[in-house]
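Asks: Just need the structure, nothing else, for what follows:
(2 chains)
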Amino acid sequence: MVTFALLAAVSVVGALGVVLLRQPIHAALALVGTLLTLAVFFVTLQAHFLAAIQVIVYAGAIMVLFLFVIMLLNVEEQHAGARPWLRWLAYGVGVLAAAGLIVGALADPRQIPDPALARAALRGGNAGLIAEVLFVDFMLAFQLVGVLLLTAMVGAVALVQRPQPPSAGAISAEAREAGLKERRGRPGSPEVVEAGGR
Amino acid sequence: MVPTEAYVALSGVLFSIGAVGVLTRRSAIMIFLSVELMLNAANLALVAYAYHWAGTGALTGISGQTAVFIILSVAAAEVAIGLGILVAIFRNRASTDVNALAEVRL
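Replies: Next up is the predicted model:
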């Protein structure tokens, strides 16, 4: 219970950091902290394979993609919105929703699951047991996820691809020629020798 | 032992914080980060319920964990395509402020 309280505090602080920190990089790193504490929760809930996947795929691959894009776009959060009361309204709605969910969850007490029974049934949540369910009961979902990943890959490449003008080669050759002429005009620079040698 | 309600309550708190982030953040990339937080809150609830019901059936518990696995793949696809759209928007407008995209409506 002490472990749970400590980890819950860390994960909630990280989540608040995602929402409140101004710098996008700091917010993304706070989310990495929350994801890592969630991985520890998965370990305590006998889901060891999911914990490993959480660290490798979520905290590793997906968050690196996020950080890469944040640094690429140089995102800066501008403040001073037109209606500041809307922000406070959103905070109020969030606090109400959180309180309602806590009360709703705790007002419906269940029997604490028998740890030995759960451990025996889940077998540590290892990859083999998950594969047995994934490739039999979840076969359709598995196939659809494959199609979805392929679509996402093609879509991402198509979206980020720069539109190439038909005479791109000619333009770049012209530009290179102009650059060479300009460099020749400057005396004393080492490029002049190099350009003359060509 | 920690009761299942505690995990579900924590999941609800994380989900609410993520929802507040979606409502208050202005930059599209920060809205994406908050959506990731909400997805992870749902994952935590699924894993907690998987542990709770593992004793009742042979495959009940492990099915919850497999659903988390599928959600994770969908989240990865969503991030790839969403960040691609963001880069395309940024190339045209040099900003990811969602308020500046107000003319994108039906």
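
Asks: where does residue 17 land on pLDDT?
Replies: No chain in the question, so chain A it is. A:G17 carries a pLDDT value of 93.

Asks: nope, chain B
Replies: 95.

Asks: Over to A:V93?
Replies: Here the pLDDT value assigned to A:V93 is 92.

Asks: Quick one, grab the pLDDT at the closest residue to chain A within chain B.
Replies: The minimum distance from chain B to chain A, using CB to the nearest CB, falls at B:G12 (2.8 Å). For glycine as for every other residue, the C-beta is placed from the backbone atoms N, C-alpha and C. As predicted, B:G12 sits at a pLDDT of 94.

Asks: Also A:L72?
Replies: The model reports A:L72 with a pLDDT of 86.

Asks: Got the domain ranges for chain A?
Replies: Listed by automatic domain parsing, the domain ranges of chain A are A:1-76+A:120-125, A:127-161.

Asks: which parts of the last one are buried?
Replies: Within domain A:127-161, the residues that qualify as buried are A:L129, A:I130, A:V133, A:L134, A:F138, A:A141, A:F142, A:V145, A:L148, A:A152, A:A156, A:L159, counting by 16 or more other CB atoms under 10 Å in any protein chain shown.

Asks: So, low pLDDT: which residues of the chain?
Replies: Chain wasn't specified; assuming chain A. By pLDDT under 70, the low-scoring segments of chain A are A:75-82, A:165-198.

Asks: that's the wrong chain, I wanted chain B
Replies: Residues of chain B meeting the criterion pLDDT under 70: B:57-58, B:103-106.

Asks: biggest helix in it, by residue count?
Replies: helix B:60-93 (DSSP state H).

Asks: element containing residue 16?
Replies: Chain wasn't specified; assuming chain A. Here A:L16 sits within helix A:2-20, counting by DSSP states H and E.

Asks: you looked at the wrong chain, it should be chain B
Replies: Assigned by DSSP H and E, B:S16 belongs to helix B:4-24.

Asks: Tell me how far A:F66 lies from chain B.
Replies: To chain B, A:F66 is 7 Å away according to CB to the nearest CB, to the nearest Å.

Asks: what's the angle from the helix holding B:S16 to helix A:2-20?
Replies: Helix B:4-24 and helix A:2-20 are oriented at 10 degrees to each other (axes from the mean of the first three to the mean of the last three CA atoms, to 10 degrees).

Asks: buried sites along helix B:4-24?
Replies: In helix B:4-24, counting by 16+ other CB under 10 Å, buried: B:4-24.

Asks: Report the distance from the helix holding A:L16 to the chain centre.
Replies: Distance of helix A:2-20 from its chain centroid, counting by CA atoms, centre = their mean, to the nearest Å, is 18 Å.

Asks: just checking, what packs against that helix?
Replies: Judged by 3 or more CB pairs under 8 Å, 6 or more residues apart in numbering or on different chains; DSSP states H and E, helix A:2-20 is in contact with helix A:24-44, helix B:4-24, helix B:28-52.

Asks: Can you check what angle separates the longest helix of chain B from helix B:28-52?
Replies: Interaxial angle, helix B:60-93 versus helix B:28-52 (the same axes, to 10 degrees): 180 degrees.

Asks: Can you list the buried residues in helix B:60-93?
Replies: Buried, per 16+ other CB under 10 Å, within helix B:60-93: B:61-84, B:86-87, B:89-90.

Asks: quick one on the thing from earlier: the helix holding B:S16 packs against which elements?
Replies: helix A:2-20, helix A:84-106, helix B:28-52.

Asks: Of those, which is nearest A:R119?
Replies: Closest approach to A:R119 among those (CB to CB): helix B:28-52, 9.3 Å.

Asks: That closest one vs chain A: in contact?
Replies: Yes. Using CB under 8 Å from any CB of the partner chain, helix B:28-52 reaches chain A at B:29-30, B:32-34, B:36-37, B:40, B:43-44, B:47-48, B:50-52.

Asks: Would you check which pair of the residues you listed lies furthest apart?
Replies: Of all the pairs that the residues of helix B:28-52 next to chain A form, the one spanning the most space (CB to CB) is B:I29 and B:H52, at 35.4 Å.

Asks: ok, the spatially most central residue of chain B - contacts?
Replies: The residue lying closest to the centre of chain B (CA atoms, centre = their mean) is B:L39, at 2.1 Å. Counting by CB atoms under 8 Å, 6 or more residues apart in numbering or on different chains, B:L39 makes contact with B:I71, B:A75.

Asks: Right, I'll leave it there.
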